[in-house]
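# Structure, please.
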Amino acid sequence: MPSRTTRPITLAGPDAAAFANAQLSSDVLSLGTGRWQWSGWLDPKGRVRALLQVARVADDRFVVVPRGGDGETLANDLKRFVFRSKVTITLGDALHIADGDARDDMHAFEHDDGTLVLGEGDASIFIGARDDNDAWRAR
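Sure, this is the predicted structure:
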C-alpha cells in the first residue's frame with residue numbers, strides 16, 4: 001500500500017534551476033514559476049532511480065516531491081553532486097497527501113503554512129494537508 005506521506009526536498013539558491021536541470025530528466029529551465037512537471041532522476045545508464053514532481057515555487061526555489069522511494073536517500077544522493085553550485089538541498093518533514101479542489105492543470109502554489117498544491121486538471125494534490133485522504137490514489 002502506498003504511503004500517505006511524503007518528504008519533499010527543497011532546492012534553493014542562485015544555481016537551483018541549473019542544478020535541477022543538470023540532475024533531472026525534464027527541462028527544468030523552461031519550467032515557469034508557479035508550475036510543476038513530472039521528472040525523473042536517472043542513474044548513469046539512463047535507468048530511472050526516482051520518479052518526481054518538480055514544482056517551481058519561486059525563481060530560485062524548487063520543491064521536489066518523490067513519488068515513491070525514500071526522500072532522505074534521494075536528498076543525500078543529490079547533495080553529493082552540488083560541488084561548487086550555489087544551491088542548498090533541504091529535506092522536509094513527512095507531510096500528509098490529500099485530494100483537493102480543481103486547479104489549473106500543472107499549476108503549483110505554496111500556501112503561507114507551507115502546504116504545496118499541485119493542480120492536476122479536475123482535482124489537485126495537497127502536500128502538507130492537515131487531513132489526509134485517499135481520493136488522490138484513485139486518480
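
# What ranges does this protein have for its helices?
16-23, 71-79, 135-138 (DSSP state H).

# so which of those gets nearest Asp104?
Smallest distance to Asp104 across those (Cβ to Cβ): 17.2 Å, for helix 135-138. The way it works is simple: take the backbone N, C-alpha and C, and place the C-beta from them, glycine included.

# C-alpha coordinates for stretch 42-57, CSV please?
Extracted as CSV, the C-alpha positions of stretch 42-57 are listed here (Å, rounded to 0.1, in the frame of the first residue of the first chain):
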residue,chain,number,x,y,z
LEU,A,42,18.3,8.7,-13.7
ASP,A,43,21.4,6.6,-13.0
PRO,A,44,24.4,6.9,-15.3
LYS,A,45,23.0,4.2,-17.5
GLY,A,46,19.7,6.1,-18.0
ARG,A,47,17.5,3.9,-15.7
VAL,A,48,15.0,5.7,-13.5
ARG,A,49,16.2,5.9,-9.9
ALA,A,50,13.2,8.0,-8.8
LEU,A,51,10.0,9.5,-10.3
LEU,A,52,9.4,13.0,-9.1
GLN,A,53,7.1,16.0,-9.2
VAL,A,54,9.1,19.2,-9.6
ALA,A,55,7.4,22.5,-8.6
ARG,A,56,9.0,25.9,-9.2
VAL,A,57,7.6,27.9,-6.4
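
# What mean pLDDT does that stretch get?
Summarised as a single mean, pLDDT over stretch 42-57 is 89.
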